[in-house]
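**Student:** Fold the following and give me the result.
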Amino acid sequence: MKIAIIKPYRLSFIRGNALSVHRLISGLRDRKVDVKEICISDYKYKRDIYKDVSSFKPDLIHGFHGYKIGRVVLYLKKRMGVPLIISLRGTDFNHDLLNNKRRPLVLETLSSADMIIVFASFTKELIRKGNPELSCDKVHIIPHAAKLKENPYNILDELNLKKEHFIFFLPGGIRKVKNVEFCIKPLNRLKKSYPQIKLIYAGSIIEKRIGLRFIKKIRNLDWVIYLGAVPHDRMYSLYRASDVVMNTSLSEGMPNSLLEAMSLGKAVLASHIPGNQAIVKNEEDGLLFETEEEFIKKAERLIRDKDLRKRLGRKAKEKIKKYHTPRGELDEHMKIYKRLLSSG
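**Tutor:** Below is the predicted model:
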């Protein structure tokens, strides 16, 4: 089996989407599948991508992101005629399908695809309701997996943090949709009663204007630490050192950060949006919030109640182990590849 994978980002561009693609490619290669990676940002012209892909002679093409690689995979599909799979990302259905300028390209890409992969039932439902022209028979759900590599790196020593500090950790790129500034004000209020609070951010600045505002806001806050982009092999130690891992996004697909934190048995506090709800069941394996006041109440509960953190973390770890394993994710992809090739 030969698969050409078309992606918008290199792994060095640390984002959840890039990590998801890398995880899949690594798994496929472990199973002796011949994979050709194509990162479209490495090319100036579509014809050069076509030259590289056609020389590889793939059995099928698997593209990640309906809009960002849309024109490329449509070009390849038209000229090569091999089956096309599209994996939708959070930006596709949360933004691009709602954007009058981008929507036509996303719809054309999805219409041309032989199969569409989404990561949660709510995404399939969104596609079904908003795009009746698309056949939902070719939409398949494969939940994201969590995969972290253990390492001996000690972030506490490097940042001069003590065990008595209570660490809230927010991983994610600095951009509008991530809403990273949200938690600063409520945590600052809590800090008056709980001076041991520390807030750590890890993620590259993706939108410059938002990044500049964020840096200005935290500049004089000695209890807030911004690490910038952190290599994925060091994220394990950050999760381990954290007491609570947060997601404050306005919209999400299925965030790797929550899956990874939960896989390590960490308590999570996340915004009440569909992408987070697809992973976290409120009060059972994590806490969800809608307002600033609700965030404060739930954050304080997590600070005060160690047993609550342990209970949520234990349930979270059990869920990830059952429903979000790399092996399960890979098995489901292999089933779709084989089904598509056998029908062709």
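**Student:** which ones are touching Val21?
**Tutor:** The contact partners of Val21, by C-beta atoms under 8 Å, 6 or more residues apart in numbering, come to 5, 7, 9, 11, 64. Placement of C-beta: from N, CA and C, glycine included.
**Student:** Lowest pLDDT pick from those residues?
**Tutor:** Minimum pLDDT for the contacts of Val21 is recorded at Leu11 (55).
**Student:** For the stretch 201-344 of the chain, just list every one of the strands.
**Tutor:** 224-226, 244-247, 267-271, 287-289 (DSSP state E, counting those that start in this stretch).
**Student:** Adding mean pLDDT and distance to Lys36, write those strands out as CSV.
**Tutor:** Compiled in CSV, these are given as follows (pLDDT from 0 to 100; distance: least, C-beta to C-beta, whole Å):
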stretch, mean pLDDT, distance to Lys36
strand 224-226, 97, 37
strand 244-247, 98, 33
strand 267-271, 98, 36
strand 287-289, 98, 40
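**Student:** Make JSON lines out of the ones you listed and add distance to Lys281.
**Tutor:** Formatted as JSON lines, the strands of the stretch 201-344 of the chain follow (distance: least, C-beta to C-beta, whole Å):
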{"stretch": "strand 224-226", "distance to Lys281": "30"}
{"stretch": "strand 244-247", "distance to Lys281": "15"}
{"stretch": "strand 267-271", "distance to Lys281": "11"}
{"stretch": "strand 287-289", "distance to Lys281": "9"}
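**Student:** And those: which comes nearest Gly253?
**Tutor:** strand 244-247 (11.6 Å; C-beta to C-beta).
**Student:** Show me the shaky parts of the stretch 51-200 of the chain.
**Tutor:** Low-confidence segments of the stretch 51-200 of the chain (pLDDT under 70): 130-133, 135-136.
**Student:** quick one, strands of it?
**Tutor:** 60-64, 84-87, 115-118, 139-141, 166-171, 197-202.
**Student:** Including mean neighbour count and distance to Glu329, could those go into CSV?
**Tutor:** Shown next, in CSV, are the strands of the stretch 51-200 of the chain (neighbours: other C-beta atoms under 10 Å; distance: least, C-beta to C-beta, whole Å):
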stretch, mean neighbour count, distance to Glu329
strand 60-64, 25, 14
strand 84-87, 25, 11
strand 115-118, 22, 10
strand 139-141, 17, 11
strand 166-171, 23, 20
strand 197-202, 22, 24
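**Student:** out of these, nearest to Pro104?
**Tutor:** strand 84-87 (15.2 Å).
**Student:** Let me have the strands of the stretch 51-200 of the chain in a markdown table, adding distance to Ser242 as columns.
**Tutor:** Formatted as a markdown table, these follow (distance: least, C-beta to C-beta, whole Å):
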| stretch | distance to Ser242 |
| --- | --- |
| strand 60-64 | 29 |
| strand 84-87 | 29 |
| strand 115-118 | 29 |
| strand 139-141 | 30 |
| strand 166-171 | 4 |
| strand 197-202 | 7 |
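**Student:** if we compare those, which one ends up closest to Lys191?
**Tutor:** strand 197-202 (4.7 Å).
**Student:** on contacts alone, who are the packing partners of that closest one?
**Tutor:** Contacts defined by 3 or more C-beta pairs under 8 Å, 6 or more residues apart in numbering; DSSP states H and E place strand 197-202 against strand 166-171, helix 184-191, strand 224-226, helix 235-241.
**Student:** Try it again at 10 Å.
**Tutor:** Applying 3 or more C-beta pairs under 10 Å, 6 or more residues apart in numbering; DSSP states H and E, one finds that strand 197-202 makes contact with strand 166-171, helix 184-191, helix 208-218, strand 224-226, helix 235-241, strand 244-247.
**Student:** In CSV, could you pull the C-alpha coordinates for it?
**Tutor:** Taking C-alpha atoms only, strand 197-202 is exported to CSV below (Å, rounded to 0.1, in the frame of the first residue of the first chain):
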residue,chain,number,x,y,z
ILE,A,197,-0.9,30.0,42.0
LYS,A,198,1.3,30.0,38.9
LEU,A,199,0.1,30.2,35.3
ILE,A,200,2.2,28.6,32.5
TYR,A,201,1.6,29.1,28.8
ALA,A,202,3.3,27.0,26.1
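**Student:** quick one: that strand to chain centroid distance?
**Tutor:** Relative to its chain's centre, strand 197-202 lies at 20 Å (C-alpha atoms, centre = their mean, to the nearest Å).
**Student:** which residue sits closest to Ser87, ignoring its sequence neighbours?
**Tutor:** Leaving out its chain neighbours, the residue that sits closest to Ser87 by C-beta to C-beta, 6 or more residues apart in numbering is Ile117, at 4.4 Å.
**Student:** tell me which residues form a beta bridge with the one you found?
**Tutor:** Beta bridges link Ile117 to Ser87, His140 when assigned by DSSP bridges.
**Student:** Which among the strands of the stretch 201-344 of the chain is found nearest to Met1?
**Tutor:** Of the strands of the stretch 201-344 of the chain, the one closest to Met1 (C-beta to C-beta) turns out to be strand 244-247, at 35.6 Å.
**Student:** strand partners of the closest one, parallel vs antiparallel please.
**Tutor:** In its sheet, and by DSSP bridges, strand 244-247 pairs with strand 166-171 (parallel), strand 267-271 (parallel).
**Student:** quick one, phi/psi of Glu283?
**Tutor:** phi 70, psi 0 (degrees, to the nearest 10).
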